[in-house]
Structure formats: C-alpha cells, structure tokens
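*Asks:* Sequence and predicted structure, then a few things I'm wondering about:
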Amino acid sequence: MPKIADIEDTPNPNAVKFILKEPLSWGIAHSYDNAEQAKDDALASALFDIEHVANVYYVDRWLTVTQDGKADWQELRRLVAVPIRAAPAAEAQSAATVAAAANAITDLSPEDRERLDRITTLLDAQIRPYLQSDGGDLIVLGLKDNQLTVHYQGACGTCPSSISGTLNAIANMVQTIDPDIEIVAV
C-alpha cells in the first residue's frame, strides 16, 4: 500500500499532486476524465466515488487529483488520501510493456518516425519533467504532415496556462527541430 510522502499544490488551483513512497505503476500513465473511463481501474474508481473529483492522473510515484472547483481542498485531501493509501503498490512490469506503450503511434513513414523520435526526445528532456513536477504531463497523440497533436493530462489538462503559455513554449522548442510544425492540443 503506497504511503503518501508529500502533498503539493500545482499551478492549477483545482489540482493537487500526491507524491508517494511506493509506485502505483512503472512508466505507464493512467489518466481519467470521468468515472466511466475509470471503471476498470479500482483506485481511480474509488477516487471518482468522492464528490467533486473531476480528473485522476497517476504514473509511477505520484498521483494528481483535479476537482470541479466546488470543494474545500483541506477536506478533499483527507478524503482522497484514504483510497490512495489503500491502493496496492505496482507489481514489476516488463520493460517490453513500457516500451510498447511508448511506441503506440503507428503507420508513420520512416522519415516521420525519425522526426517524431527527435521531437519526443526533446519533449522528454525539456518539457515533460516540468509538467510532471506540477502534477501533469502531456502525451503525443499523433503526427500527420506538419501537425503534431498532443494531449495534456493531470493538472495540466484543465490549467489555463497549458493552452496558452505552455503550448507556445512547446511550439517554440519543437520548431527548433522542424520550423514548419504546428502543435495542436486536444
């Protein structure tokens, strides 16, 4: 059962990040926007059973809960801590499972695969650590022609600065690799 090591506020006033002593997963992110999406995940389902929980995102040793803006965080933190502490720690997963999830985008030409790999390396090194430190993340959904589609997760999913400032910063960095690329957040 994961013990909570720390609880941090995020730039999104409706999201809080729980840092855990044991991992909930090994490199596989779990992101849910509602109870229906989370129905096969015991931890996320238990969190959505708590009134005002609007989003659950977790990976490795941290979990972000986003509320609907109608709850008092002091009380809500106490409520969501219960299912987090009751959740089982992650069992060891094979490296192949993690690698397969990282290469989920298919049907790319060799040139686009190489371009996407360079962009992913940049995002992994320069963007994702900052988003993760704030209780969120982003995943690349696809690359088609000169359009890179990304999706924000966790605290970043509903944070006002994600769609403006952060998206512009990502576009500026990615355009150092490919000046013609357009970044679209969905």
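*Replies:* Cool, got the structure.
*Asks:* How are the helices of this protein distributed by residue range?
*Replies:* 42-48, 73-86, 95-102, 110-122, 128-133, 160-161, 167-174 (DSSP state H).
*Asks:* Burial-wise, tell me which of those helices comes out on top.
*Replies:* helix 42-48 (a mean of 20; mean count of other C-beta atoms under 10 Å). C-beta coordinates here come from the backbone N, C-alpha and C atoms, glycine included.
*Asks:* Show me what that one is packed against.
*Replies:* Here helix 42-48 touches strand 30-32, strand 53-59, helix 73-86, going by 3 or more C-beta pairs under 8 Å, 6 or more residues apart in numbering; DSSP states H and E.
*Asks:* average model confidence for that helix?
*Replies:* Per-region confidence: helix 42-48 scores 96 on mean pLDDT.
*Asks:* just stretch 126-136 next, same as before
*Replies:* On average, stretch 126-136 scores 86.
*Asks:* Any idea how far apart the tips of that stretch sit?
*Replies:* 14 Å (C-alpha to C-alpha, to the nearest Å).
*Asks:* one step back: please tabulate the helices of the chain in TSV, including the columns distance to Pro23.
*Replies:* Listed next are the helices of the chain as TSV, based on distance: least, C-beta to C-beta, whole Å:
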stretch	distance to Pro23
helix 42-48	12
helix 73-86	13
helix 95-102	12
helix 110-122	22
helix 128-133	14
helix 160-161	28
helix 167-174	27
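*Asks:* And those, which one averages the lowest pLDDT?
*Replies:* Among the helices of the chain, helix 95-102 carries the lowest mean pLDDT (a mean of 47).
*Asks:* List the contacts of Asp49.
*Replies:* For Asp49, the contacting residues are Ala35, by C-beta atoms under 8 Å, 6 or more residues apart in numbering.
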